[in-house]
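Chemist: any chance you can model this:
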Amino acid sequence: MWSKVIDNLMLYGDFILFAAFLISAIGIVAMYFIRFINWKSISLKSYGILIGLKPGKLVALSLILVRMLFIWSIIFFSTELSLTHICMGAITTLLIHICIANVRVLVFDLLFTVVIYCQLYVSYIVHSYLVGIQMQTEILIMQILVNLFVILLSVYSVTECVRTIAMQKLGQGKEIQWRSVLQHLIIVGMGTLMAAIPYFFMHQIDTLTIHQDLFQYTAEGRTDYIGTSVITKSEKGCILENNEKLYELDATPLYFTNEKHIILPRVVSIIQPELSLFNRVSNMSEVYEEKGNYYVENEKVTVKISDFFLYDGRDTYLFFEPVTISWDNNYIDLKPFSYITVKYNQYIECFNRETEEYSVIETGTCKVTTKMACGSIVNLSTDIISRENGQEQMLFLQPNLLENLK
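Modeler: Below you'll find the model as predicted:
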């Protein structure tokens with residue numbers, strides 16, 4: 001494992017060399033100005049304190065800036081936090097404090113670094129939700145705030161380390177400054193909250209616990225999930241945990257045993273032909289029938305709905321009324337809560353919820369259609385809906401771009 005980590009760290013060789021070159025260039029330019037300007041600038045005076053430092057302290061200064069740039073690169077490129085990043089940060093921090101040799105600064109800088117990495121982890125979770133699932137303004141603002149706090153905290157950490165180096169050169173700062181300690185603790189507390197609040201918020205909207213038996217029907221057959229299941233949103237869709245096993249769910253709906261009730265593992269569009277409405281239904285949403293009425297529970301909002309069907313933006317349709325699927329001179333009847341996947345000019349796969357029969361039928365080159373109770377005809381081969389008034393409309397291929405069903 002460690003050899004792999006070392007190999008991955010070598011990938012940052014160019015980045016480290018660039019950072020070292022940049023720091024050296026800044027140092028040379030700064031020393032040039034210090035030589036010819038009579039300390040009129042406060043910033044130059046501050047830098048002047050660092051002139052003549054021992055090599056170890058200069059190495060520490062360089063590593064402090066390298067670590068900050070490394071953290072910023074993770075933010076700006078929305079990189080998934082991995083063991084390599086953690087090792088890079090840990091090794092850099094260790095080398096910094098070997099050179100600085102100040103226990104008090106070591107404690108707080110380690111706290112700052114841990115908080116920063118927690119925030120980077122949360123930022124990636126939020127970013128994955130925005131990119132892979134759906135864009136929401138409040139969650140986007142949350143990510144911006146977390147990233148901004150990471151930047152500010154990394155700058156503050158650099159400032160404190162540099163200040164310690166300068167104070168050591170001046171022979172100051174040996175006694176404990178309780179005001180500074182309190183300030184550090186407040187900042188660590190704020191940083192922890194900035195990581196914890198988004199994490200628990202995302203965990204709440206990303207996890208669904210079901211205490212009933214579920215099953216799923218695919219070309220491979222029926223898969224039963226007995227007892228309690230925990231469904232978690234992922235970048236690609238949903239992960240289901242059942243009896244200590246993990247299952248990556250495809251677009252096929254999850255059915256409640258002995259109930260007219262399903263869970264959607266992927267984002268789909270909901271089409272109401274009679275009202276000419278197209279909306280988005282998020283993954284982990286539920287559709288169920290109660291006393292002859294249909295309800296969609298979408299992001300904790302329950303909507304009563306009728307005359308509709310679902311489309312995943314690719315090949316799969318879910319119907320909630322009896323429909324007849326026809327092609328050439330062939331047909332097949334499907335009952336409510338059934339689904340069909342149509343591969344253009346190849347074959348169809350369908351699951352009839354009432355009979356629990358799964359069929360794969362070769363169709364060849366043909367047009368697969370169905371007519372709904374409202375009179376609209378859906379071409380399942382070309383994903384086009386035709387209304388009774390003659391209007392035709394292409395179904396949306398990216399459901400996540402539609403307005404959310406409310």
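Chemist: you'd agree Thr302 is in a strand?
Modeler: Yes. Counting by DSSP: H, G, I helix; E, B strand; the rest coil, Thr302 is located in a strand.
Chemist: which element is the closest residue to it other than its chain neighbours on?
Modeler: In this structure, Thr302 finds its nearest non-sequential neighbour in Tyr295, 5.5 Å apart by Cβ to Cβ, 6 or more residues apart in numbering. C-beta: built from backbone N, CA, C; applies to glycine. Following DSSP states H and E, one finds Tyr295 within strand 293-298.
Chemist: check which helices and strands that strand sits against.
Modeler: In terms of contacts (3 or more Cβ pairs under 8 Å, 6 or more residues apart in numbering; DSSP states H and E), strand 293-298 is packed against strand 285-290, strand 301-305.
Chemist: the residue nearest to Thr302 touches Val301, doesn't it?
Modeler: No. Using Cβ atoms under 8 Å, Tyr295 makes no contact with Val301, being 10.5 Å away.
Chemist: between the two, which one's more packed in?
Modeler: Tyr295 (15 against 11; other Cβ atoms under 10 Å).
Chemist: any idea how far Ser285 is from that one?
Modeler: Applying Cβ to Cβ, to the nearest Å, the value for Tyr295 to Ser285 is 11 Å.
Chemist: what bits of the stretch 1-150 of the chain have low per-residue confidence?
Modeler: 1-54, 132-135 (pLDDT under 70).
Chemist: hey, where'd the helices end up in it?
Modeler: With helices called from DSSP state H, counting those that start in this stretch, the stretch 1-150 of the chain shows them at 2-10, 13-36, 42-48, 55-76, 83-100, 103-132, 137-170.
Chemist: returning to what we had before: who's in contact with the residue nearest to Thr302?
Modeler: Taking Cβ atoms under 8 Å, 6 or more residues apart in numbering, we find Tyr295 in contact with 287-289, 302-305.
Chemist: out of the residues you listed, which comes closest to Val114?
Modeler: Val114 has its nearest neighbour among the contacts of Tyr295 in Thr302, at 40.8 Å by Cβ to Cβ.
Chemist: so what pairs up with the closest residue to Lys406 other than its chain neighbours in the strands?
Modeler: Closest residue to Lys406 apart from its sequence neighbours, by Cβ to Cβ, 6+ apart: Val301 at 5.9 Å. With DSSP bridges as the criterion, Val301 is bridged to Asn298.
Chemist: what pLDDT does Val301 get?
Modeler: Note for Val301: predicted pLDDT of 87.
Chemist: what angle do the helix or strand where Arg179 lies and helix 137-170 make?
Modeler: If you go by DSSP H and E, Arg179 is part of helix 178-206. Angle of helix 178-206 versus helix 137-170, following axes from the mean of the first three to the mean of the last three Cα atoms, to 10 degrees, is 160 degrees.
Chemist: got the CA positions of the helix or strand following helix 178-206 in CSV?
Modeler: The helix or strand immediately downstream of helix 178-206 is strand 207-210, counting by DSSP H and E. As requested, the backbone C-alpha atoms of strand 207-210 are provided in CSV (Å, rounded to 0.1, in the frame of the first residue of the first chain):
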residue,chain,number,x,y,z
THR,A,207,-29.7,8.4,3.2
LEU,A,208,-33.0,6.5,3.3
THR,A,209,-33.7,3.7,5.7
ILE,A,210,-36.4,1.1,4.8
